[in-house]
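Peer 1: Using only what follows, build the 3D model:
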Amino acid sequence: MDIYLYRADIVATAPPPDVTGWDVEATDGHIGKVDEATNETDAASMVVDTGFWIFGKKRMIPAGVVTSVDHEDETVSVGMTKDQIKSAPDFDKQDTYDDRDYDTFGSYYGNYRV
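Peer 2: Model (predicted):
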């Protein structure tokens, strides 16, 4: 699924930078911070801690919805609204990357590939 690949114009360095701890911006404002990230081939994604905004839930966001990475401000922007992220499948913090159901997340986020 190419939803788990960064767009070529987003990440010009190989490997992509570690974005853990960076701010995440939706199209309509701040959504949270990157809690963890992976740059695995065909499985690049980040887990965003939304803090109190959606009651401390975390969301796994595939690399394919990233619209920009600002190295100077340490910000990752995604092509989705806060409500679209809020409506995404729940991410179970007990999961490991090996346990995640990439098809479930991919089918939801595939509509938002930018």
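
Peer 1: just checking, residue 48 touches residue 30?
Peer 2: No. Judged on Cβ atoms under 8 Å, residue 48 makes no contact with residue 30 at a distance of 10.7 Å. Backbone N, C-alpha and C define where each C-beta goes, glycine included.

Peer 1: Mutual contacts of those two, please.
Peer 2: Here residue 48 and residue 30 have residue 24 as joint contacts, going by Cβ atoms under 8 Å, 6 or more residues apart in numbering.

Peer 1: Not counting its neighbours along the chain, what's nearest residue 22?
Peer 2: Among residues not flanking residue 22 along the chain, residue 74 sits closest, at 4.4 Å (Cβ to Cβ, 6 or more residues apart in numbering).

Peer 1: and if you look at residue 33?
Peer 2: residue 49 (5.5 Å).

Peer 1: Run a quick neighbour tally on the one you found.
Peer 2: 19 (other Cβ atoms under 10 Å).

Peer 1: Tell me how far it lies from residue 42.
Peer 2: Using Cβ to Cβ, to the nearest Å, residue 49 is found at 24 Å from residue 42.

Peer 1: do the same with residue 68
Peer 2: For residue 68 relative to residue 42 (Cβ to Cβ), the value is 22 Å.
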